[in-house]
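Asks: Predicted coordinates and the sequence they were generated for:
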Amino acid sequence: MLRASGLVKSYRAPSGEPIPVLRGVDLTVKDGELVAVVGHSGSGKSTLLSVLGLLEDADAGEITYENVCVSVRSRSAKSRARGRWVGFVFQSFLLLPSLTALENVVLAARYTGRDRTEARRRAQVLLDELGVLERKDHYPQELSGGEQQRIAFCRAVLNDPPLLLADEPTGNLDDANGAVIFDALRRRARAGAAVVVVSHRPEAAMGATAVYRLRGGVLEA
Amino acid sequence: MLRILRGYAFAIAGIAIGVAGLVTLGAMSERIVRFIEGGDRFVLGQISVAGRGMGMGAGFTAGGLLPAATIKKISAVSGVAGVQPQVMLPLDPSTSQFMTLTQELVLGLDLSVPMPNRYYRALPVRVGRYLRAGDRHRAVVGAAFAASHGLGVGSGLALEGATYEVVGILERMLTAPDRFVFVPIEDAREQWVAKDRLLRTLLASGAAALTAGDLNTGVAVGWRDGADPDAVARRIMAEVPDVNVQLPSELSRLLRASTAFFAALLVGIGVLALVIGGLSLANTMAAAIFERIRDFGVKQALGATDLDLAREVLGEALVVTVCGGAAGVGLAILLGSSIDVWAGRSGQQLFHFSTRLLGGAFAFSVLLGAAAAAWATLRVASLSPAEAIRRGA
């Protein structure tokens, strides 16, 4: 599903000095695989995930989804590619505060042209599966961190994306809620999605098809 | 819609305040414009002629006595269509009131002759009626005069020892007639004699062979269709001796020159209003968009293109600026009207909320709000989704 080759990315320090973050990362994730990328804070895990999900451009390298090279596409085409292929789970949930839980989930269908009624029905099924259906009319600020992440997970999988990218998905959760999210991610992989999880927590590696460590901008098996 | 309004409540309030500032300052400017334009329209609608002399005069008929024989000669000049004898007197002849912009005047009109002014064939009466031929000791008063003197239809008005019944009150015109008292010319002549000791002495001495019809401070002269008013005025100057003739175009130029300060002031007020209101509005709108930068990053992560976001933002900006603009206009009208109620007790009106001002301010707020939103969206769109999410956090 996902193939990345030769990814290079650096940021600029205030002094103008380039700070290399990724130095030629290669990664392949097949359908049904759950890949864990671990590493200490600041090692570039989140940057790697952003680049893999086309949230920012690499300085060099190539990314393909289902054998389609997406990294060279225009900005709009990359947006459409994200809507079609990728689901994101973020550490800080990133729910829109002006929308209810259900509306946040259904938002994922807005930019993919999916039928709104069908999306609402599917969203309610997902919320029920994650045990937060009774919270569907609540706003994010009325929900606990665990509830917010479950809702964010529902949003990420609403369109059944073949690629799921999770950035420290349990970073703001207690162990019990963290277990719920990891379990949900594993189920997505079993259902055929390619899942990439980056985390500094060791339990991210449990049940993973492959575990990589990002060190010095290079992925190590 | 309610969701958008709730989410942008602060922005709407900010825009409303900006637009309210723009509209109130603009309404003050409009008030001055109407005053100047009204005077200009009046002087361009007639040729004003007074007798030659150094009489203290009042208003636009400053000069000496204009006898009936001279008026007859004016009527005979080619191009003249109508001549209305008038007596214009200051209500209060003390020097502190003399020739001020807010001077209260008594204007006596010969009601047997139609008003020759091309732009003021009739004055608009708000309540009661206008003067008719044959009326005596009846008065029609301007709106500001009525307010400051507490007059209504049926009220009595004391002028030089005589009591006049107020039979009509004019619409507020925001220009000179607002402070006028209109009376039949015969009554005005009586007031003139009562006011002017020199004239009384002259009449009593019998040194001058004057009849009542000779007591005029001036005439308003109309011209035939197609005639050049300045040319007609010059012909009067050439053919009728001993008159002061005001050329309409020259009087208009003089009026504009004497009100140049106000014209500059209102331009300043207008620019100030646009800058203050516009900056407040644009800043509020742009800030409201930048506040949501993280939301835009999330939406891009979900597949939204720049065009999707631009459509959403501009749609929301339109709703926000329309609501903010409408609220601002309402706030300004409320504020201005409240101040005018207070000022109206002394016959003043400080604001004029014209349709062009309200429409212009509303359109300005919507266009500027949309432009500010578009600019802010372009700034947001120049970021990668990851950067937008990072900055929003």
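Replies: Structure received.

Asks: What residues does chain B have near chain A?
Replies: For chain B, the residues in contact with chain A (C-beta under 8 Å from any C-beta of the partner chain) are B:3, B:6-7, B:294-295, B:297-308, B:384-387, B:389, B:393. To be clear about C-beta, it is placed using only N, CA and C from the backbone, and glycine gets the same treatment.

Asks: Find the nearest non-adjacent residue to A:Ile63, please.
Replies: Nearest residue to A:Ile63 in three dimensions, chain neighbours excluded: A:Ser71, at 4.0 Å (C-beta to C-beta, 6 or more residues apart in numbering or on different chains).

Asks: what helix or strand does that neighbour sit in?
Replies: Under DSSP states H and E, no helix or strand contains A:Ser71.

Asks: Secondary structure class of the closest residue to chain A within chain B, three-state.
Replies: Chain A sits closest to B:Gly303 of chain B, with a gap of 2.0 Å, by C-beta to the nearest C-beta. Look at B:Gly303: counting by DSSP: H, G, I helix; E, B strand; the rest coil, its state is coil.

Asks: Count residues in the vicinity of it, would you?
Replies: B:Gly303 has 25 neighbours, counted by other C-beta atoms under 10 Å in any protein chain shown.

Asks: now the one 10 residues further on
Replies: Burial of B:Val313, expressed as a neighbour count using other C-beta under 10 Å, amounts to 24.

Asks: What's the local residue count around the closest residue to A:Thr112 other than its chain neighbours?
Replies: Distances taken as C-beta to C-beta, 6+ apart put A:Gly83 closest to A:Thr112, at 4.5 Å, once the chain neighbours are dropped. Under the neighbour criterion other C-beta under 10 Å, A:Gly83 is assigned a count of 25.

Asks: cool, B:Phe262 as well?
Replies: B:Phe262 has 16 nearby residues by other C-beta under 10 Å.

Asks: got it, and B:Thr355?
Replies: Using other C-beta under 10 Å, B:Thr355 has 7 other residues around it.

Asks: Quick check: nearest residue in space to B:Gly347, chain neighbours excluded?
Replies: B:Ser148 is the one closest to B:Gly347 (C-beta to C-beta, 6+ apart), at 3.0 Å.

Asks: immediately after the strand or helix carrying that neighbour, which helix or strand?
Replies: Element membership for B:Ser148 (DSSP H and E) is helix B:143-149. Using DSSP H and E, the helix or strand that follows helix B:143-149 in sequence is strand B:156-159.

Asks: That next one pairs with which strands, and in what direction?
Replies: strand B:162-170 (antiparallel) (DSSP bridges).

Asks: Please identify the buried residues of the partner strand?
Replies: Counting neighbours by 16 or more other C-beta atoms under 10 Å in any protein chain shown, one finds that the buried residues in strand B:162-170 are B:Tyr164, B:Val166, B:Val167, B:Gly168, B:Ile169, B:Leu170.

Asks: so who does the last one touch?
Replies: In this case it means B:Leu170. Each residue near B:Leu170 by C-beta atoms under 8 Å, 6 or more residues apart in numbering or on different chains is listed here: B:Leu123, B:Pro124, B:Val125, B:Arg126, B:Val140, B:Val141, B:Gly142, B:Ala143, B:Pro177, B:Asp178.

Asks: Spatially central residue for chain A, please.
Replies: Nearest residue to the geometric centre of chain A (C-alpha atoms, centre = their mean): A:Leu165, 2.4 Å.

Asks: For B:Val313, which non-adjacent residue is closest in space?
Replies: Using C-beta to C-beta, 6+ apart, the nearest residue to B:Val313 is B:Thr377, at 4.6 Å.

Asks: sec struct for the one you found, please.
Replies: Under three-state DSSP, B:Thr377 falls in the helix class.

Asks: give the contact list for whichever residue of chain A sits closest to chain B.
Replies: Chain A approaches chain B most closely through A:Gly83 (2.0 Å), counting by C-beta to the nearest C-beta. Residues near A:Gly83 by C-beta under 8 Å, 6+ apart: A:Tyr111, A:Thr112, A:Asn159, B:Leu302, B:Gly303, B:Ala304.

Asks: Return the backbone torsion pair for it.
Replies: phi -60, psi -30 (degrees, to the nearest 10).

Asks: Please identify the buried residues of the helix or strand in which B:Leu255 is found?
Replies: B:Leu255 belongs to helix B:248-258 when assigned by DSSP H and E. Going by neighbour count (16+ other C-beta under 10 Å), the buried part of helix B:248-258 is B:Pro248, B:Leu251, B:Ser252, B:Leu255.

Asks: And for stretch B:124-140?
Replies: B:Val125, B:Gly128, B:Leu131, B:Asp135, B:His137, B:Arg138, B:Ala139, B:Val140.

Asks: Tabulate those residues (JSON lines), appending secondary structure and distance to A:Pro18.
Replies: Formatted as JSON lines, the buried residues of stretch B:124-140 follow (DSSP: H, G, I helix; E, B strand; the rest coil; distance: C-beta to C-beta, whole Å):
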{"residue": "B:Val125", "secondary structure": "strand", "distance to A:Pro18": "82"}
{"residue": "B:Gly128", "secondary structure": "strand", "distance to A:Pro18": "86"}
{"residue": "B:Leu131", "secondary structure": "coil", "distance to A:Pro18": "90"}
{"residue": "B:Asp135", "secondary structure": "coil", "distance to A:Pro18": "94"}
{"residue": "B:His137", "secondary structure": "coil", "distance to A:Pro18": "97"}
{"residue": "B:Arg138", "secondary structure": "strand", "distance to A:Pro18": "93"}
{"residue": "B:Ala139", "secondary structure": "strand", "distance to A:Pro18": "89"}
{"residue": "B:Val140", "secondary structure": "strand", "distance to A:Pro18": "85"}
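
Asks: quick one, what contacts B:Ala304?
Replies: Counting by C-beta under 8 Å, 6+ apart, B:Ala304 touches A:Ser79, A:Gly83, A:Arg110, A:Tyr111, B:Phe296, B:Glu312.

Asks: now A:Gly6
Replies: A:Gly24, A:Val25, A:Asp26, A:Ala60, A:Gly61, A:Glu62.

Asks: filter those to the buried ones?
Replies: Among the contacts of A:Gly6, those that count as buried by neighbour count (16+ other C-beta under 10 Å) are A:Val25, A:Gly61.

Asks: which among the contacts of A:Gly6 gets closest to B:Ile32?
Replies: Nearest to B:Ile32 among the contacts of A:Gly6: A:Ala60, at 66.1 Å, using C-beta to C-beta.

Asks: any idea how far A:Arg23 is from that closest one?
Replies: Distance, A:Ala60 to A:Arg23, by C-beta to C-beta, to the nearest Å: 10 Å.

Asks: so what sits against both of those two?
Replies: With C-beta under 8 Å, 6+ apart, A:Ala60 and A:Arg23 have common neighbours A:Val8.
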